[in-house]
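>>> give me coordinates for this.
(2 chains)
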Amino acid sequence: MTITRHFVSVGDRQVHYRRAGDGPPVVLLHASPSSSWALTTFVETFGQNYAAIALDTPGYGLSDPLPVAAPEIGDYAEALADTLDALGIGRCALFGSHTGATIAIEFARRYPERVSVALFDGYPAWPDHERAEMEREYLPPWQPVWTGLHLVDFWLRYREMSIYWPWYDRRKSTRAAAGARDLDMLHRMTLAGFMAGAGYAKGYAAVFRYPEIEVVRDLQVPTCFAGRAEDSLNESLRQLGALPDCAWTETLPADDGAAARRYAEIIADHLPDESASAPPETTTAKGRISRRFVAWQDGEILVRETGDPDGRPLVILPHIPGSSESYEALMRAMARRRRVIAIDPPGNGDSDLDRVLSIDAQADAVREVLAALGIDRADIYGHGGGGTVAAALAQRSPDTVGKLILDGAVTPDADMRETLLPRYAAPIALEPEGGHLLKLWHALRNEQLYWPWYDESLSAVRDIEPDVEPVRLTTRLIGVLKQRANYADTWRTLLGDDLASRLSSIQGPTLVCAAENDPFAAFREASAKLVEGSDTSVVPIAAVDRAVPLRRFLDA
Amino acid sequence: MGNTTIRSHFVTVGSRRVHYRRAGSGPPVVMLHPSPSWAKGIDPFTRVFAEKFTAIALDTPGYGHSDLLDIEKPEIPDFAEALKDTLDALGIDKCGLWGSHTGASISMEFAVRYPERITVFVIDGYPAYEDAYREDMTKYYLPPYTPKWDGSHLMYQWHKFREQFIFSPTFRWHKENRTTTAAPPPPGPMQDMVLPRFITGEAYNVGYGAVFRYAGLEPIAKLKVPTCFGARTGDSLIKGFPLIEDRKADGSWTEELPRDIGEAALRYREILEEHPAPQDAPLPPPPAAIAGKLNRSYVDLSYGQMAVASAGPEDGIPLVLLPQIPGDVGLDAGFMMELGKLGHRVVALDMPGNGDSDDWSLPHTIPNYAAVLGEALDALGFDKIDLAGHWGGASVAVEYVRDRRDRVRNLILFAPLAMPDELRHALAPNYAPPIEPKWDGTHLISLWFALRNEQLFWPWYNESIQAVRKIEPEIDPKLLERKITGILKHYRNYDKVWRAVFDYPVRDNLQMVPVRTLVASIEDDPFHRFAPEAAAMVPDGEYQILDFKNEAIAKGVDAFIKGVS
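Below you'll find the predicted structure:
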């Protein structure tokens, strides 16, 4: 079952969702602080007979947050109504897990005519004193710190939830009857939490303030309260007392696939009398960075866009491994009179791919995306490994490339590349205690401090103004973690690529530049010599300042 | 050439215990370490000085094994007075004085207050800070040390230590703050350097904080003794030299020394040799007992020093306690104090290469431990004892008692690892993977969770639902902290000692125990399940299940011993 990813504009916000199948709409809402990614099994199962649409709740996954400091469940329910309107869905089967179940019940209460059946996969219900305690204890603030321990703390907290629930209360009676979480699942949950960042707690906090027990009596639609073996919320169903006639409880297996099949049966008995329409086109909003997925032969590619839609296009290819999210400030700084587009090459950032493509294939994919966007020719800015992709694009499709900027290109000579290859990037192997996060954090941080990063001798100290600011470093790390399986291979591909020979074939106007703190800054001048007639300069570190010489070159 | 074997000692100063490392003979040189290190951290200097002097390196109050001062927020003058009291207790009238970083600040205040007690003052890095810098450091540099449930405080300390080699001060991340004169040490040595932070724990910023509150520029002009303001290449404190030069008294000078400790120590010794103290250092005085605290001492054995902790009266038949191995006496302190209150003389011993005992070159095996236990009892003059052991310590006790019924009256085994051979062989390769320090410090978090998991799963490394232990867990961070600290003292032995424990067939030997034996365990002990059967195997054995409270365990043991005496 193929799952596709989409953005839909809801007022000023973009909502991201995963979709599979066609037919009557089944809308799925995830738990906090995860995203629709966690519901993959359900989307696949429901998609076999229905149009399964799993939304990222505002502020989670790739959905923009609500413009409210402390949203309540009612705000999320209204946002859901707006999203369904934008998707053209009148009535649907509604599935919610944990926080998602709370939003779903409030929606069903407010709009019973829009819900054919409600399925709650773990419904949070606690007495008042417990809810107050949880709002206080359950959600330590998210604060990136230089040690990288904010990542490990988060990981360990989610790991602890399968040992004690609530995680901060550790007694014989609170010991969860569950084994340790599968590491890949834990990775998905915590990565979603990192992505939500400082807002990770908002959905939870709203749940802790919501009168879950009282609202049950208002239900008018068929509703299944399901408890899953090994689920932390299994116990809370006992808090509910007598249910209204339209509602019932069920105990379902721990396995997602088995549970999903039972839910699909229930949906079949309560189908909404409509079919989901095709996903609406993604729209762009002036003055904002909008995102969309562009379908491509091997999946979907994430594209960010801002600026003047009629302006001369500039395409930003981010450093790989990494994500274009780190380039939003640069996009804004370049946006005047330009159509600025940033693309996550396949297998990087939010462009999912289960393998690493050759540089040539990545360049070809970028060209296809440009064609799909109606762009024949664009100026190209490639940063770090993105510069290698940009050079490949210039080499293979010279007509597509106007002016070319290579910033911090990965151009060590063959000997150096061979030295770096075995050590530059080890595969990210998940460790039960979250040690892999600390390893990655300090590897990325060390790129600023030593050359190469893994050599901590005095002769390797970099005499530069380093950028080790924890929030930016966290964003960078998230970009890498999104395609963690590709991290080491992407580096191998980059360091195995003979960028020098690509550079010597480039004909058009080219700027070879680097910021002082770029890990590959030392290779700038040598690279510039390889590109005939190129300009070269050191560019400032901060995005707003860096944009000035870049614009000057593009405008000349 | 003097004897440069370094030995640890305790001395009682009022109601405080002071620990120090001593080597050599001749006139005394007293040495104070930097924070948050300990005397052991300056062993390389001690060794060089000891070739010409009696080198005495003190753990300053609150660090290493020395008690904190009984003052809420001690200042450098309080530490200087404590130094005077310590020299009095050691019977040292006059000495050469050497101090590094925090040790230098304490020594400075002492030198200004008591110039008549020192012949020469040698400094390795003087914290000559301007006021604004001191305020900055006080504000950002020393967050409290609080054991956290996830052990992340250990990782924080690891990275804070490492960060000193990257930025100075560590909380400013600019080009001009970049450390360019010293590289981070490799992970193994770094683990040894970070350890005293864990041992000092919540007190780590007491002395450190005092340095930043100390207006250290003022006393420089007041010095009346010959003083070398030395600092080694790479020491961030070299940048204070101009401030010292502006203020220094006659007979003081600044001097940059080689980074290499051996070379620097030789130069420091040269300076010390120009002004030797007039009298040789007296012999170490025996430490007096302190009410309400465990007594700590060392016994010198053929292989090295064995750490001894004791409680209760100083005569009578001792109950000799062998704590968990790997580990140290830290976890048993409360139980020992309770047993002491009941009138028992309790003496705990750390096996070689465990806890505070020296390491040895012999293989870690239970029979080797049993042999050295015999030597220790001889050295301590214990002819008749009651013997107790916990986990691996119980294995040592069983091995020892087999043919020593003449010496052992009663045997007490706490949760012996008396498991069937099949299980023993299955656990052996998995239970304790070697501790291999990693540059990113992640070995600490792995060890923390391995120890924590002993409470949560059986065996700890199986995290499936079938392995869940539904017990009231003992996972208080302070308890885990004590446990991990005990292990890290000899982290290189961790897997080897566990291997020795698993290689020893306790069950086979229980049948040969020739004395009256109590097998006791608490219900939540991971090895509790083997205790009743173990008791049944001992010819004269009985079994008791105990509450996990120090008083309850002490009462159970007391009743058992009184059953024959």
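>>> all contacts plus neighbour counts: C-alpha atoms, from now on.
Noted.
>>> so how far is chain A from residue B:138?
Separation of residue B:138 from chain A (CA to the nearest CA, to the nearest Å): 19 Å.
>>> buried sites along the helix or strand harbouring that residue?
Taking DSSP states H and E as the criterion, residue B:138 maps to helix B:131-140. Neighbour counts using 16 or more other CA atoms under 10 Å in any protein chain shown place B:134, B:137-138 of helix B:131-140 among the buried residues.
>>> what's the closest non-adjacent residue to the residue of the stretch 451-556 of chain A found nearest chain B?
The stretch 451-556 of chain A approaches chain B most closely through residue A:465 (4.4 Å), counting by CA to the nearest CA. Nearest residue to residue A:465 in three dimensions, chain neighbours excluded: residue B:175, at 4.4 Å (CA to CA, 6 or more residues apart in numbering or on different chains).
>>> and the stretch 1-150 of chain A, which residues reach chain B?
Within the stretch 1-150 of chain A, the positions lying close to chain B (CA under 8 Å from any CA of the partner chain) are A:147, A:149.
>>> all strands for the stretch 1-150 of chain A, in order.
All strands of the stretch 1-150 of chain A, identified by DSSP state E, counting those that start in this stretch, fall at A:4-10, A:13-20, A:25-29, A:51-55, A:92-97, A:115-121.
>>> got the buried residues for the longest one?
Along strand A:13-20, these residues count as buried under the neighbour rule (16+ other CA under 10 Å): A:13-20.
>>> which strands and helices sit next to the helix holding residue B:138?
Packing partners of helix B:131-140 (3 or more CA pairs under 8 Å, 6 or more residues apart in numbering or on different chains; DSSP states H and E): helix B:204-213.
>>> for the helix it packs on, packing partners?
Counting by 3+ CA pairs under 8 Å, 6+ apart, the packing neighbours recorded for helix B:204-213 are helix B:76-90, helix B:102-113, helix B:131-140.
>>> my guess is the residue of the stretch 451-556 of chain A closest to chain B contacts residue B:167. True?
No. Taking CA atoms under 8 Å as the definition, residue A:465 is not a contact partner of residue B:167, at 11.7 Å.
>>> so what's in contact with the two at the same time?
Contact criterion CA atoms under 8 Å, 6 or more residues apart in numbering or on different chains; residues bridging residue A:465 and residue B:167 by contacting each: residue B:174.
>>> more neighbours, the two?
Shown here are residue A:465 and residue B:167; by other CA atoms under 10 Å in any protein chain shown, residue B:167 has more neighbours (20 against 17).
>>> ok, and the closest non-adjacent residue to that one?
In space, residue B:167 comes closest to residue B:178 once its chain neighbours are excluded; the distance is 4.6 Å by CA to CA, 6+ apart.
>>> could you report the neighbour count for the one you found?
That count, for residue B:178 with other CA under 10 Å as the rule, works out to 24.
>>> contact residues of chain B facing chain A?
Contact residues (CA under 8 Å from any CA) of chain B with chain A: B:150, B:152, B:155-156, B:159, B:166, B:173-176, B:178, B:180-184, B:440, B:442, B:445-446, B:449, B:456, B:463-468, B:470-473.
>>> quick one: buried ones out of those residues?
With burial judged by 16+ other CA under 10 Å, the buried subset of the residues of chain B next to chain A is B:150, B:152, B:155-156, B:159, B:166, B:173, B:178, B:180-184, B:440, B:442, B:445-446, B:449, B:456, B:463, B:467-468, B:470-473.
>>> for stretch B:75-92, list every residue counted as buried.
Neighbour count says stretch B:75-92 has B:75-84, B:86-87, B:89-90, B:92 buried, by 16+ other CA under 10 Å.
>>> hey, where'd the strands end up in the stretch 351-500 of chain B?
B:385-390, B:408-414.
>>> reformat those as TSV; add mean neighbour count.
Below are the strands of the stretch 351-500 of chain B laid out as TSV (neighbours: other CA atoms under 10 Å in any protein chain shown):
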stretch	mean neighbour count
strand B:385-390	23
strand B:408-414	25
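>>> picking up where we left off before, quick one: which of the buried ones among the residues of chain B next to chain A sit in helices?
Under the assignment DSSP state H, those contribute B:152, B:155-156, B:159, B:442, B:445-446, B:449, B:456 to helices.
>>> show me the two of those that sit farthest apart.
With distances taken as CA to CA, the most widely separated pair in those is B:159 and B:456, at 28.2 Å.
>>> which SSE is the residue nearest to residue A:427 when sequence neighbours are not counted in?
Nearest residue to residue A:427 in three dimensions, chain neighbours excluded: residue A:488, at 4.9 Å (CA to CA, 6+ apart). Take DSSP H and E as the rule and residue A:488 turns out to sit in helix A:487-496.
>>> likewise for residue A:265?
If you go by DSSP H and E, residue A:265 is part of helix A:256-269.
>>> now the angle from that helix to strand A:92-97?
Here the directions of helix A:256-269 and strand A:92-97 differ by 150 degrees (axes from the mean of the first three to the mean of the last three CA atoms, to 10 degrees).
>>> so after helix A:256-269, what's the next helix or strand?
Next along from helix A:256-269, by DSSP H and E: strand A:290-296.
>>> now the end-to-end length of stretch A:400-416.
32 Å (CA to CA, to the nearest Å).
>>> residues in contact with that stretch?
Against stretch A:400-416 from outside (CA under 8 Å, 6+ apart): A:367, A:376-388, A:390-391, A:393-394, A:494-495, A:498-500, A:508-515, A:518-521, A:523-524, A:527, A:550, A:554.
>>> which ones among the residues you listed lie within helices?
The members of those that map onto helices under DSSP H are A:367, A:385-388, A:390-391, A:393-394, A:494-495, A:499-500, A:524, A:527, A:550, A:554.
>>> of all residues in the stretch 201-350 of chain A, which one is closest to chain B?
Counting by CA to the nearest CA, the stretch 201-350 of chain A gets nearest chain B through residue A:230, at 9.1 Å.
>>> is it true that residue A:143 touches residue A:149?
No. In this structure residue A:143 lies outside contact range of residue A:149 using CA under 8 Å: 9.6 Å.
>>> of the two, who's got more company?
Ranked by neighbour count (other CA under 10 Å), residue A:143 and residue A:149 place residue A:149 first, with 22 against 14.
>>> once you drop chain neighbours, what's closest to residue A:496?
Nearest to residue A:496 is residue A:417, by CA to CA, 6+ apart, at 7.1 Å.
>>> okay, and the one you found sits in which element?
Using DSSP H and E, residue A:417 sits within helix A:414-420.
>>> I'd like the next helix or strand past that helix.
The C-terminal neighbour of helix A:414-420 among helices and strands, as given by DSSP H and E, is helix A:435-449.
>>> pLDDT of that following helix, averaged?
Confidence for helix A:435-449, expressed as mean pLDDT, is 97.
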